[in-house]
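Asks: sequence and predicted model, in that order:
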Amino acid sequence: QVQLVESGGGLVQAGGSLRLSCVASGRTFSRLATGWFRQAPEKEREFVATISWNGGSSTYYADSVKGRFTISRDNAKNTVYLQMNSLKFEDTAVYYCAAASLAGRPTTQKQYDYWGQGTQVTVSS
């Protein structure tokens, strides 16, 4: 089992930045692909970004955040980060950290085995 705890959400003005953190415990974090998803009110949960544990920590982003968000991981701290810059009103959502016992860069929810409880990000326009 893996437990994931997100932090770093909050209220920010459009154009601002936030950094989300997700700390994992319970399994070898260095062999888990990790990702971020988000869910806005009355919308489906959607993929945001993922980072692999193999292949030199390869990353992949949703088109809507490419160039603005950066996912990274620190295996020594069992932590994955999501740096969010140039935030827009439409980035407002609950952001979820997820981990998968897979190689590569999983992008669908069903590929992930473990989920955090979510952290709220609110961007004011």
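Replies: Noted; the coordinates are in hand.
Asks: centroid residue for the protein?
Replies: Against the mean C-alpha coordinate of the chain, by CA atoms, centre = their mean, the closest residue is residue 36 at 2.3 Å.
Asks: partners of that one in the sheet?
Replies: With DSSP bridges applied, residue 36 shows beta-bridge pairing to residue 49, residue 97.
Asks: wait, it sits on residue 82?
Replies: Yes: proximity of residue 36 to residue 82 meets the contact threshold set by CB atoms under 8 Å, at 4.9 Å. C-betas here are computed from N, CA, C, even on glycine.
Asks: what sits in contact with each of the two?
Replies: Residues touching both residue 36 and residue 82 (CB atoms under 8 Å, 6 or more residues apart in numbering): 20, 22, 48-49, 71, 95.
Asks: only the buried residues of stretch 98-114, if you could.
Replies: Neighbour counts over stretch 98-114 (16 or more other CB atoms under 10 Å) mark 98-102, 105-107, 111-114 as buried.
Asks: equivalent analysis for stretch 90-97, please.
Replies: Buried positions in stretch 90-97, judged by neighbour count with 16+ other CB under 10 Å: 91-97.
Asks: swap in stretch 35-54?
Replies: Applying 16+ other CB under 10 Å to stretch 35-54 flags 35-38, 45, 47-53 as buried.
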